[in-house]
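Undergrad: Below are the sequence and a predicted model for it; my questions follow.
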Amino acid sequence: MAGDGATQVEHMSEEVKGESQDNTWGWLESTAHAADFCPTEDHAVVPHDTPMKEGYLLAAHCMIYALDDSVVFNLYCRRAAVLMHMRFDGYLGFPGGLVDTGEEIIPALNRELHEEMNLDLTRFQVKHEDHVISHENAKNRVICHFYALCVSLAEFEEIERAALASKEHGHEVLGHIRVPLYVMGDGYRGFPTFLDNNFCGNARSQLLTSLKQRNILPESIINAALAATKKYVPASS
Ligand SMILES: O=c1[nH]cnc2c1ncn2[C@@H]1O[C@H](COP(=O)(O)OP(=O)(O)O)[C@@H](O)[C@H]1O
């Protein structure tokens, strides 16, 4: 969904344009531009307490995960169960969202986790120490804070099941998914294939950074998986 709406409409087939006229296509809101995929080089790492800038959006997202050394197909170590989701716009992303004016980042993120995942906030809450990385994207004018919440595997499975009953399930969130973290025999299926999906904003680099920082996947495997992808140039960070 890059560029302005008018340009997009010009490139659509007559059939799809027709659909758009009865409101089945179009900008949902003025912030939609910020969801476009952005390559790593468009994101500058910034401190967590970076001040807000005029005209910028503030967003916070979270990777909920559990370490899991079980073996799948008698062959591949799962390493971890990591939750992402299919968004309403067809991009893959993490649960989270925009911080409303006057809201603090962490309470806003926990609010979004409840809305999108039905997360039981009496038991699980993201805290300041779960922070992984923050980026500024000057092109999309958005500052994105990212967190990773580690739970036990039993808790993860409970969270995953409960997420089907979230307020946003079937609306903003079309499906909760786990990331395949193994590379299969052909060197492409599994994690590299997953990385060839389309990701919202900088979700792909947030995933890679978190896997590295939380010691879920060694850097050598991440780099080999990136080298095996077909769509993307390997990321530098
Ligand atoms: O998983 C993600 N990682 C990083 N940034 C994301 C992710 N999902 C969305 N974003 C960015 O944050 C912005 C707001 O996110 P989201 O669309 O989840 O908020 P909303 O549900 O409050 O509208 C998006 O426009 C995009 O720039």
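TA: Looks like it arrived, so ask away.
Undergrad: Now do the buried residues in the longest strand along the chain.
TA: As far as residue count goes, and with DSSP state E defining each element, the longest strand of the chain is strand 57-72. The neighbour-count check on strand 57-72 (16 or more other Cβ atoms under 10 Å) flags Leu57, Leu58, Ala59, Ala60, His61, Cys62, Met63, Ile64, Tyr65, Ala66, Leu67, Asp68 as buried. Where C-beta positions appear, they are placed from N, C-alpha and C, glycine not excepted.
Undergrad: among these, which are in reach of the ligand?
TA: Counting by Cβ under 6 Å from any ligand atom, Ala59, His61 from the buried residues of strand 57-72 sit close to the ligand.
Undergrad: Quick one: the buried residues of strand 57-72 as JSON lines, columns for pLDDT too.
TA: Below are these laid out as JSON lines (pLDDT from 0 to 100):
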{"residue": "Leu57", "pLDDT": "93"}
{"residue": "Leu58", "pLDDT": "95"}
{"residue": "Ala59", "pLDDT": "96"}
{"residue": "Ala60", "pLDDT": "98"}
{"residue": "His61", "pLDDT": "98"}
{"residue": "Cys62", "pLDDT": "98"}
{"residue": "Met63", "pLDDT": "98"}
{"residue": "Ile64", "pLDDT": "98"}
{"residue": "Tyr65", "pLDDT": "98"}
{"residue": "Ala66", "pLDDT": "98"}
{"residue": "Leu67", "pLDDT": "98"}
{"residue": "Asp68", "pLDDT": "97"}
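Undergrad: I'd like the buried residues of strand 57-72 as a markdown table, with distance to Gln213 appended.
TA: Compiled in a markdown table, the buried residues of strand 57-72 are given as follows (distance: Cβ to Cβ, whole Å):
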| residue | distance to Gln213 |
| --- | --- |
| Leu57 | 24 |
| Leu58 | 22 |
| Ala59 | 19 |
| Ala60 | 17 |
| His61 | 15 |
| Cys62 | 14 |
| Met63 | 10 |
| Ile64 | 15 |
| Tyr65 | 12 |
| Ala66 | 16 |
| Leu67 | 14 |
| Asp68 | 18 |
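Undergrad: Closest to His145 out of the buried residues of strand 57-72?
TA: Of all these, the one with the least separation from His145 (Cβ to Cβ) is Ala60, at 4.5 Å.
Undergrad: if we can go back for a sec, pLDDT of the helix or strand just after the longest strand of the chain, averaged?
TA: As assigned by DSSP states H and E, the chain's next helix or strand after strand 57-72 is strand 76-87. Averaged across strand 76-87, the pLDDT comes to 97.
Undergrad: Which residues outside the helix or strand hosting Ser205 are in contact with it?
TA: Remark: Ser205 resides in helix 203-213, with elements defined by DSSP H and E. Where contact means Cβ atoms under 8 Å, 6 or more residues apart in numbering, the residues beyond helix 203-213 that reach it are 37, 40, 43, 61, 63, 65, 80, 82, 84, 91-94, 132-133, 135, 144, 146, 148, 179, 181, 195, 199, 216-217, 219, 222, 226, 232, 235, 237.
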